[in-house]
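Visitor: Generate a structure from the sequence data that follows.
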Amino acid sequence: MDALGPRISRALRRERDRAGLSAAELARRAGVGKATVSQLESGAANPSVETLWAIATALGVPFSVFVDEPEDAPTVIRAGQGGGIRAADAPYEALLLAAGAPHSRSDLYLVCAEPGRPHASAPHSAGTIEHVVIVSGAALAGPSDAPVELGPGDYIRYRGDAPHLFEALRPGTRAALISEVR
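Guide: Got it, this is the predicted structure:
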């Protein structure tokens, strides 16, 4: 498995070039500092989930573009292994398990969260739908103004292009999350 920093760096440069944006313009559209974009492109920064989502949204690409590895052989990710992306201000980590094919727009994540501050997500690209299944623990998930309490095996689908949240209610909360752009 490639180190995550170099993958993010390569993908960010590639996607910014494809979009024809300067680092300053991308930073403005994403609501992050130009220095952050430059540090990510040089591999000198460790981004939060929020930063990568903001940049992906500004570029009009799925989040997985930054963290996905090319498929050459079977992929096995053992529990407790893998390099997830941590939230900046909540005990929340998202590990990309599978990215959608180039022309599909769905990604599968394993979310690992602990009780504490909720992970509040800004709206993603228009048409984004999120699907969550709680694997263990319990969580509040869904629209920021009307989250639903979920337990193991419970499922929720909600608009990801509107403010939404995920808040672990029990230690060791794990969930499968599919982010789909329609």
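Visitor: CA only for contacts and neighbour counts going forward, please
Guide: Fine.
Visitor: in the host helix or strand of Ser9, what's buried?
Guide: If you go by DSSP states H and E, Ser9 is part of helix 4-19. By neighbour count on 16 or more other C-alpha atoms under 10 Å, the buried set for helix 4-19 is Leu4, Gly5, Pro6, Arg7, Ile8, Ser9, Ala11, Leu12, Arg13, Glu15, Arg16.
Visitor: Model confidence for the first one, exactly?
Guide: Spelled out, it's Leu4. Leu4 is assigned a predicted lDDT (pLDDT) of 76.
Visitor: thought it was touching Val67?
Guide: Yes. Using C-alpha atoms under 8 Å, Leu4 is in contact with Val67, at 6.5 Å.
Visitor: what packs against the worst-scoring helix or strand of the chain on mean pLDDT?
Guide: Least confident helix or strand, the chain: strand 92-99 with a mean of 74, by mean pLDDT, DSSP states H and E. On a contact count with 3 or more C-alpha pairs under 8 Å, 6 or more residues apart in numbering; DSSP states H and E, strand 92-99 meets strand 85-86, strand 106-113.
Visitor: Out of those strands, which is closest to Leu97?
Guide: strand 106-113 (5.1 Å; C-alpha to C-alpha).
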